[in-house]
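>>> Model the following, please.
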Amino acid sequence: MTSRPDPIHLERAPSAIRLGLRENLAQFSLLVLVNAFVGAMVGMERSILPAIAEQEFRQEAHTAILSFIVVFGVSKALTNYLAGRSADVYGRKVILVAGWLIAAPVPFLLMWAPSWNWVLLANLFLGVSQGLTWSTTVIMKIDLAGPRNRGLAMGVNEFAGYFSVALAALATGWIAAHYGLRPKPFYLGVGFVLAGGLLSLFAVRETHHHARHEAAQHPAGGAAAVPSQKAIFLQASWRDPNLSSISQAGLVNNLNDGMAWGLFPLVLATAGMNLLQIGWIAAIYPAVWGGCQLVTGALSDRIGRKGLIVTGMWVQAIGIVVFSLSVRFAGFAAGATLLGLGTAMVYPTLLAAIGDGVHPARRASVVGVYRLWRDLGYAIGALLSGLVADLFGVSSAMGLVAGLTFLSGVIALLRMDEKR
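Numbers count the residues shown, from 1 in each chain. Just a heads-up that it's a prediction; the model follows:
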């Protein structure tokens, strides 16, 4: 066992630390706003990048078109892992600001990319940035909220991020329909980087002292020894049935999201939908996902985590099947709505479940491992669905992902405990 080094703080801890949403409302609200800009950076790609791949760079194979999601997913996943441990060692704010600095080139690369490889480079930067910024805002909100309203805190966090994904997807789809695929839709990204970066640098405060304050009140004691990073990785990945169930559910959740991100716009275009209609469908899914999390996160504080996680995975599977069988806008919208609802049941609840069963001293590290597996799902989903789509057709790819999503719910049902 190794002891955790003291973090490097850029600010002095306040003399009277209090945990809770009401007690930290100003900083919590500021972090919600910052995470909205984090989500918007992903949303600006969501409805139009597959069309750019086909129309401007002549990418024809599904695996080639979905390659940007693979790059994004792998870079984000690995950065999540490092961000969690680094936030425990160096503090949260410095990691958040670094993430925004890395995001700065992304909109410019997407505007002026002369080849598809430049788009992949932009998604490498975007993935690293998302891993640093989104992971850190999650950890900081858990720090501030304390144990009582952890599910609500995660619901609000994920609502802000994914509702902004929806708004940005709708906005870029509208701009692309009226002014072309490039460069104007990505002008929004410049504003997102400036707003999120400046707020993080000048207004956000360090929250690591809140985690240390909670650790001091923990039944295991504030000075509990912290396992090595290898031990934490193995525990969260397999050895602990509860944490490993959470990790696999997160991976499969983003596996189907990676499929939806890459294949949904192509399916809609094949069905005769125009760019504006594709933008609406691309927005419905994360809008339902984001908005419903305000309810599902708080609900998990009342009824527990496991039931929402299992049911949510099954609702996602149903949504994918409905989408794959549809031929009209209404059917696609219904499938996207079900997929968003199921994801809303799962997403904040998984994060809250980690906070329930992990000592505050190693919380950020465990969150980092979970988010490593979760966001590897983007890459696995894009590779798997792209390969199956090229070999057997898009319907087969979507059916396989629906089956894996249902199976993930069964695994959570059999292995996961209620730790709340």
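
>>> my read: A61 touches D390, true?
Yes - judged on Cβ atoms under 8 Å, A61 makes contact with D390 at a distance of 5.6 Å. (Each C-beta comes from the backbone N, C-alpha and C, glycine too.)

>>> Check which element follows the host helix or strand of T349 along the chain.
Element membership for T349, per DSSP states H and E: helix 329-357. Proceeding C-terminally, helix 329-357 gives way to helix 363-392 as the next helix or strand, assigned by DSSP H and E.

>>> Which residues outside the next helix or strand after that next one are in contact with it?
Later in the chain than helix 363-392, the nearest helix or strand by DSSP H and E is helix 394-415. Residues outside helix 394-415 that contact it (Cβ atoms under 8 Å, 6 or more residues apart in numbering): 62, 241-242, 244-246, 248-249, 252-253, 255-256, 259, 263, 266-267, 270, 306, 309-314, 316-318, 320-321, 323-324, 381, 384-386, 388-389.

>>> Might you specify the subset of those located within helices?
Within the contacts of helix 394-415, residues falling in helices by DSSP state H are 62, 241-242, 244-246, 248-249, 252-253, 255-256, 259, 263, 266-267, 270, 306, 309-314, 316-318, 320-321, 323-324, 381, 384-386, 388-389.

>>> Going by neighbour count, which of those residues are buried?
When burial is judged by neighbour count using 16 or more other Cβ atoms under 10 Å, the buried members of the ones in helices among the contacts of helix 394-415 are 62, 242, 244-246, 248-249, 252-253, 255-256, 259, 263, 266-267, 306, 309-314, 316-318, 320-321, 323-324, 381, 384-386, 388-389.

>>> In CSV, list the C-alpha atoms belonging to stretch 236-244.
Extracted in CSV, the C-alpha atoms of stretch 236-244 (Å, rounded to 0.1, in the frame of the first residue of the first chain):
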residue,chain,number,x,y,z
ALA,A,236,-12.5,-1.3,-10.7
SER,A,237,-12.0,-3.5,-13.8
TRP,A,238,-12.8,-7.0,-12.4
ARG,A,239,-12.1,-7.9,-8.8
ASP,A,240,-14.8,-5.8,-7.2
PRO,A,241,-18.1,-7.2,-8.6
ASN,A,242,-19.9,-3.8,-8.0
LEU,A,243,-17.3,-1.6,-9.5
SER,A,244,-16.6,-3.9,-12.4
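
>>> Give me the distance from it to the chain's centre.
The gap between the average C-alpha position of stretch 236-244 and the chain average comes to 20 Å, counting by Cα atoms, centre = their mean, to the nearest Å.

>>> residues in contact with I284?
With contacts taken as Cβ under 8 Å, 6+ apart, I284 has the following neighbours: A166, A333, A336, T337, G340.

>>> By pLDDT, rank the residues you listed and give me the bottom one.
Within the set of these, pLDDT is lowest for A166 (88).

>>> And that one, how far from T137?
Computed as Cβ to Cβ, to the nearest Å, the A166 to T137 distance reads 18 Å.

>>> Kindly report the same for V327.
Distance from V327 to T137, counting by Cβ to Cβ: 39 Å.

>>> quick one: buried residues of stretch 53-66?
Neighbour-count burial for stretch 53-66 flags A53, E54, F57, Q59, H62, T63, A64, I65, L66 (criterion: 16+ other Cβ under 10 Å).

>>> Provide the contact partners of that stretch at residue level.
Identification of contacts with stretch 53-66 by Cβ under 8 Å, 6+ apart yields 50, 68, 115-116, 119, 181-182, 258, 262-263, 266, 382-383, 385-387, 389-390, 394, 397.

>>> Tell me where the stretch 101-250 of the chain has helices.
Counting by DSSP state H, counting those that start in this stretch, the stretch 101-250 of the chain forms helices over residues 106-112, 116-145, 150-179, 187-202, 208-216, 229-234, 241-270, given from the N-terminal end onward.

>>> how about those helices, which one is nearest I278?
Nearest to I278, of all the helices of the stretch 101-250 of the chain, is helix 241-270, at 4.7 Å by Cβ to Cβ.

>>> What average pLDDT does that closest one get?
The average of the pLDDT scores along helix 241-270 is 92.

>>> chain center to it: distance?
Its chain's C-alpha centre lies 11 Å from the corresponding centre of helix 241-270 when counted by Cα atoms, centre = their mean.
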